[in-house]
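K.L.:
what follows is a predicted structure for the sequence shown.
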Amino acid sequence: MFATLIAAFVVIGILFAAMAVGVIFSNKPIKGSCGGLATLGMKDGCEICGGDRSACEENTRQENSKRAGSLGKDVLKT
């Protein structure tokens, strides 16, 4: 029974690795599913952008620049 359990975990691990390699070699960006907030009619309920895609992109740029700035400060401290 223990061997069967180990074999099942090994097979599942190999399948996950194969899927990851497939995603890497397909070289396509990962997209959301066809579900999500828009399907539920809740697209306006986004706390960050309220449904405005440009606001989301701007917020992402600001967060990335903050992270990059803090990383630079951490490097200078050491």
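P.N.:
Arrived safely, thanks for sending.
K.L.:
can you tell me the element Lys28 falls in?
P.N.:
Assigned by DSSP states H and E, Lys28 belongs to neither a helix nor a strand.
K.L.:
quick one: pLDDT of it?
P.N.:
Predicted confidence (pLDDT) for Lys28: 78.
K.L.:
contacts only, for it.
P.N.:
Counting by C-beta atoms under 8 Å, 6 or more residues apart in numbering, Lys28 touches no other residue. For the C-beta atoms, the positions are set from N, CA and C on the backbone; glycine is no exception.
K.L.:
torsion angles phi and psi at it?
P.N.:
Backbone geometry at Lys28, expressed as degrees, to the nearest 10, gives phi -110, psi 150.
K.L.:
roughly how far does it sit from Gly22?
P.N.:
10 Å (C-beta to C-beta, to the nearest Å).
K.L.:
helices of this structure, start to end?
P.N.:
With DSSP state H, the ranges of helices along the chain come out as 2-26, 53-77.
K.L.:
could you tell me the least trusted of those helices?
P.N.:
Ranked by mean pLDDT, the helices of the chain bottom out at helix 53-77, with a mean of 70.
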